[in-house]
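**Student:** Make a model of this:
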Amino acid sequence: SSCKGIIPPLPASNAMASTQKSKPEWRYPAQQLESEVHIPSQTQDPCLDWDTAVQQKAPGFLALQHHHPSSRGRAVRLLEPPEKPLKDHTLPSATISGQKSAQTTSGLDFEENPPKSAEVSVIKNQPAVERLVGRAGQGGSAGAAAGVQRGCESPVPGCGQQQHRAAGVILSSWRSWNHLARLRNALREARHRHLENFYSRAKHLAANWNRIRTSRRTIIHIPSLGYSQHIREHIPDLAVQQNLQMGRLCDILDANVDVIYICPLALSEEVLQYYHKLLALQAAVRSGNPEDTADLQDRFRILTPEAINSFPEHHMCLATVLKYSPRTLRRLQGLLQGRDAYVVGGFPHLDDLAVADQLQVPLLGSEPAVAQLYSTKSGSKRIFASAGVPTPPGEWDIHSREQLLRALGQLVLDHLEVQRWLFKVDEERGGNGTAFCDVISHLECYPWIQRERRGHGPEVWRQSQARELALVKISQELPGLLAQHVQPVNEKRFPTWEKFLQTFLTQGGVIEAFPFSASVTNLTVDLLIEPTGEVTLVSSGDQLHAEGPLRSSGTTIPQRSVDPEVLQGLCFKIGEACKSKGVLGYFSVDFVAFTHPQTREQQVWATDLDLCYSDQLALTQLLMYMTDGNLDCGSSQLRAPLASKESKIQRVQHEETKPPAPGSPRCAVASSQLRHSSLSGISYNLLLHTCKARGVGFDLQEKQGTVFVLYEDQKRHSLGMITIGEDLQGVLLTFARNLFIIHQEISAPNMQGETNFKMAIREIETILGVTAENKLRLEEEQPWEADAVKE
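**Tutor:** Sure, this is the predicted structure:
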């Protein structure tokens, strides 16, 4: 893959010219993935020495994976079939040609079962292996056994009694291989069918979208995190993480929408009643009268698959668990009968397609192969390059230590004003696969380079031998500098640079510049690519970073850090680029905004792309529900209609004659990542009553206050919270005050618990510039003994 990043001349410039975009049409994006990735010519053929198994960790295989990343999955499947007979026949070593493997797989469909000719064609010493396999395998399993029994025809020693045992072994192994091959073929055929039906139903959804989106319909929300298995294994409390988006229930704000929410946890009656009461406030929110509640239980259902506890050690995503829950699937089929419906998932997985196919409904989302490619850190850089939007200086698709050192050395020399460099693992999420290093601070040759650059002048410096010598000096220092000074964000998982580097090189990753400014703001924008191809902005927010500058812990909605017109232009370019690659449904883009220290102009870089429904969007849905408001991302304004103080009879009488009241501005602070171990010691009902007594609640008349998001009630160490008000300073102060009150109420003097509440308060204090005196007073009133949840 091409590993050159978009390195705009700082302060920033547009990225490389947009690649030619294909017309939007329904096709298989996965079949075109290889064309999206440049494959360099190879002077050497990476081979795989194969004794009795495909060694996927061997240098030859890793080279094949690096040089032909888009063919990697197909190459593995191609190499699997010859593996078993080679093991069974105890054949001499067979050498597999990586170049032949890539050439062969490039002509195969992802789900195609490779023919025998293709299987053998990847073997470099093909004639010798064909003779041995053919001698043992003529006529299938019976022929294989007979071939051994005719031992005198073969130079293999050990004839006689061993002949019959060898024949039995080959007969048994050949039958097992054939059985596994049939199962594998059946699985491939099923997946191919699911993919065919996915695109067929997507066509139907696109053709009828304008009618469906304004008609009575059912949305099945499956907040599944279908990341790779090795990623899911490192997500603590995977089920809870998949249940952070209860705000999806608020889609019933549209009177034409019914919601079926697939929940990865068995919720107690206490939690279910909370959501029934919360959603029943829809009419009361509109009128401002708490008595105007309406039972909406027929408009939404929360279903928990029966298999949630059947695979405790497998780290299955929610879509897979639902696939193995026949009772829940049958109930869903009954609920959907005769209704327009579609699925909105999380991060796509092959089992999302299987579930949608079994329910015979379309999926509003991307094909899993597309999402997996372009949601990686390197994949997002390809999208941004295609869109032609500014990005940080950097490089991507890095898979070797030499490539990393060479790229970093060149980047440091080209951008000496950049203090901090980031290293991001391709498939990791939430900052877990990020590390950083302040390279310039620890570079001993930096003063010499600065003197030489000033002495030569900018133009001469670019072509001087001193610059080449500077690159040599930097390259010599980097290995030791990185080993000593790189700081992974998740230090528990990656205690050393070598541990981080191992994962970085295995998955691939990017190097990226951190903005060289004292004032940096991260923001997230949620978008929707509708089945018709229309790109819409649906949410925006400035990130909060309670747990460090590289981890988002909350958001302020709507965003206020970037000119809305500028941001909208960047988002539409990215949306069009995504659409041209086959992306569909909800996705989010992360940006970083900062003021350039020399020009004093604001710079905006696109930094990340997640092709799934975000936590921020789910919180935005709850915000809209509780304010009956309208979020205009084009102007970054949220306005809520003020409730009338008339009686219900008067409102009905004046409904037709009264002009609509102008909306009142609103904003919110929201987080789905609040953690406190002492929450487990108090029931939710008691917590809510205690908060109400301390003034933490929601005013239906004014459409402002605080609403909680409850996830589960077994461990009960986390919750979500959204605070709504008229101005940003006010809601930030209220949010911090709420955290302070909750901590006071749930913590014993001698047992403070593990929490990230204090870090969130400190972040808000930093934003608002709270005086040291007030900070001291807060800490004297309630000491804190633990700053964060242990990773």
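
**Student:** Okay, residue 725 and residue 703: tell me how far apart.
**Tutor:** Taking C-beta to C-beta, to the nearest Å as the measure, residue 725 falls 10 Å from residue 703. All C-beta spots, glycine's among them, are computed from the backbone N, C-alpha and C.

**Student:** And residue 267, by the same measure?
**Tutor:** From residue 267 to residue 703 the distance is 27 Å (C-beta to C-beta).

**Student:** and the two? which has more neighbours close in?
**Tutor:** A direct count of neighbours by other C-beta atoms under 10 Å for residue 267 and residue 703 places residue 703 higher, at 23 against 20.

**Student:** Strands along the stretch 251-400 of the chain, start to end?
**Tutor:** For the stretch 251-400 of the chain, the strands defined by DSSP state E, counting those that start in this stretch cover 257-262, 300-303, 341-344, 394-398.

**Student:** by contact count, what packs against the first one?
**Tutor:** Strand 257-262 is packed against strand 217-221, strand 300-303, helix 326-336, with contacts defined by 3 or more C-beta pairs under 8 Å, 6 or more residues apart in numbering; DSSP states H and E.

**Student:** Note down every partner strand of that strand and its orientation.
**Tutor:** strand 217-221 (parallel), strand 300-303 (parallel) (DSSP bridges).

**Student:** Select, out of those strands, the one closest to residue 448.
**Tutor:** strand 217-221 (58.8 Å; C-beta to C-beta).

**Student:** how big is the angle separating the closest one from helix 326-336?
**Tutor:** 160 degrees (axes from the mean of the first three to the mean of the last three C-alpha atoms, to 10 degrees).

**Student:** quick one: contacts of strand 217-221?
**Tutor:** 245, 248-249, 251, 256-262, 332, 335-336, 339-344, 359, 361 (C-beta atoms under 8 Å, 6 or more residues apart in numbering).

**Student:** one more time with 6 Å
**Tutor:** 248, 251, 257-261, 339-341, 343-344 (C-beta atoms under 6 Å, 6 or more residues apart in numbering).

**Student:** C-terminal to it, what's the next element?
**Tutor:** helix 229-232 (DSSP states H and E).

**Student:** what's the average pLDDT for that next one?
**Tutor:** Average pLDDT, helix 229-232: 93.

**Student:** next one: that helix to chain centre, how far?
**Tutor:** On the basis of C-alpha atoms, centre = their mean, to the nearest Å, helix 229-232 sits 12 Å off its chain's mean C-alpha point.

**Student:** ok, and what's touching the helix or strand following that helix?
**Tutor:** Reading on from helix 229-232 to the C-terminus, the next helix or strand found by DSSP H and E is helix 238-241. Identification of contacts with helix 238-241 by C-beta under 6 Å, 6+ apart yields 232, 235, 264-265, 711-712.

**Student:** so which of these is the most crowded?
**Tutor:** residue 711 (26 neighbours).

**Student:** Which residue lies closest in space to it, excluding its sequence neighbours?
**Tutor:** residue 243 (5.0 Å; C-beta to C-beta, 6 or more residues apart in numbering).

**Student:** Just say helix, strand or coil for that neighbour.
**Tutor:** For residue 243, the assignment made with DSSP: H, G, I helix; E, B strand; the rest coil gives coil.

**Student:** what sits against residue 198?
**Tutor:** Counted by C-beta under 6 Å, 6+ apart, residue 198 has contacts residue 353.

**Student:** would you say it is within a helix?
**Tutor:** Yes. Counting by three-state DSSP, residue 198 falls inside a helix.

**Student:** for this protein, what are the low-confidence residue spans?
**Tutor:** Across the chain, the ranges flagged by pLDDT under 70 are 1-171, 174, 643-662, 751-752, 770-791.

**Student:** Report how many residues lie close to residue 708.
**Tutor:** Residue 708: 19 neighbours (other C-beta under 10 Å).

**Student:** Could you list every helix and strand that the strand or helix carrying it packs against?
**Tutor:** Taking DSSP H and E as the definition, residue 708 sits inside strand 704-709. For strand 704-709, the elements it packs on are strand 698-699, strand 718-725, judged by 3 or more C-beta pairs under 6 Å, 6 or more residues apart in numbering; DSSP states H and E.
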